[in-house]
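Peer 1: Coordinates for the following, if possible.
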Amino acid sequence: MLCLALLAGAGTLHWSKAHDEPVDAFAASACPASDWQTRVTLDQSRPELATTTLRSRNSIGPAEAASCVDVSVACLQQGPYFEVRLASSAIGVREVGPLQIRSLKDELSAQLFRPTDGSETAVRIVDKSAVELIAYALANSLRFRVPITFATGDTAVAEFRSYHFLSAVRPVLFACNMRSLESEKAEEIDD
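Peer 2: A predicted model of the protein is given here:
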């Protein structure tokens, strides 16, 4: 069993083999299909030097407050971050995770907890090593899931299909002076 625990600035990352998948009892309709969207800021109009974001394939939450979920890898002047954020602030979040990443060869899980800064709709990991580990796992993934526990105690799972992450994240890695990622060669893919 692979385990690694890191204390990140606004959250905690716990890396381990994936375990039982949570039941998706609180998912709503689909979100518009999209791929990774990368933005590079050259004029200092945004705090991020570079960011790449992917939107979930499904919205989650109660029908009157259903929201898509965005995941981002970005670089600020202070360093990189990985963030999971509800697209709407209509419902609060108690806990996010474990982030379940299905790679070409394995399935991994990263536990993300609610930040201590009072944010109700996002969890941000700011530890450079933790961001690199998540980016590496995503670079070699086909899909991933993010279970979310709402402030009401209800749970749902945001589903993501991750294609083209390696090319989308390169500007972020360059902007934050992070190590380059290499994708693993697919030996056998069962989807």
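
Peer 1: residue contacts, the nearest residue to T152 once chain neighbours are set aside?
Peer 2: The shortest distance from T152 to any non-neighbouring residue, by CB to CB, 6 or more residues apart in numbering, is to I91 (7.3 Å). Where you see a C-beta, it was placed from the backbone N, CA and C, and this is true even at glycine. Listed by CB atoms under 8 Å, 6 or more residues apart in numbering, the contact partners of I91 are 61-62, 65, 67, 150-152.

Peer 1: Can you name the next helix or strand after the helix or strand where Y136 lies?
Peer 2: Here Y136 sits within helix 128-139, counting by DSSP states H and E. Sequence order places strand 141-150 as the next helix or strand after helix 128-139, per DSSP H and E.

Peer 1: so V157 makes contact with R143?
Peer 2: No. V157 is not in contact with R143 according to CB atoms under 8 Å; the separation is 11.7 Å.

Peer 1: Tell me which of these two has more neighbours.
Peer 2: V157 (20 against 15; other CB atoms under 10 Å).

Peer 1: Correct me if wrong: I101 contacts Y136.
Peer 2: No. Applying CB under 8 Å as the test, I101 and Y136 come out as separate, 9.8 Å apart.

Peer 1: where does the protein have low pLDDT?
Peer 2: By pLDDT under 70, the weakly predicted segments of the chain are 1-29, 104-108, 110, 112-119, 180-191.

Peer 1: now the farthest one out in it, which residue is it?
Peer 2: Distance from the centre of the chain peaks at D43, with 26.6 Å (CA atoms, centre = their mean).

Peer 1: From A156, how far off is that residue?
Peer 2: 38 Å (CB to CB, to the nearest Å).

Peer 1: now do A74
Peer 2: Plainly put, A74 is 24 Å away from A156 if you go by CB to CB.

Peer 1: do V69 as well
Peer 2: Per CB to CB, V69 is found 9 Å from A156.

Peer 1: Look up the residues that both of these two are in contact with.
Peer 2: Common neighbours of V69 and A156 (criterion: CB under 8 Å, 6+ apart): 60, 148.

Peer 1: Name the residue in the two with the higher neighbour count.
Peer 2: Each of V69 and A156 has its neighbours counted (other CB under 10 Å); V69 has more, 29 against 25.

Peer 1: OK, contacts around the more buried one?
Peer 2: By CB under 8 Å, 6+ apart, V69 lies in contact with 55-56, 59-60, 84-87, 146, 148, 158.

Peer 1: One more pass at 6 Å, please.
Peer 2: Counting by CB atoms under 6 Å, 6 or more residues apart in numbering, V69 touches 56, 86, 158.

Peer 1: Sort out which of these are in strands and list them.
Peer 2: Among the contacts of V69, the ones falling in strands (DSSP state E) are 86, 158.

Peer 1: export the contacts of V69 to TSV and tack on distance to E120 and neighbour count?
Peer 2: Output for these, formatted as TSV (distance: CB to CB, whole Å; neighbours: other CB atoms under 10 Å):
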residue	distance to E120	neighbour count
S56	18	27
L86	9	26
A158	16	28
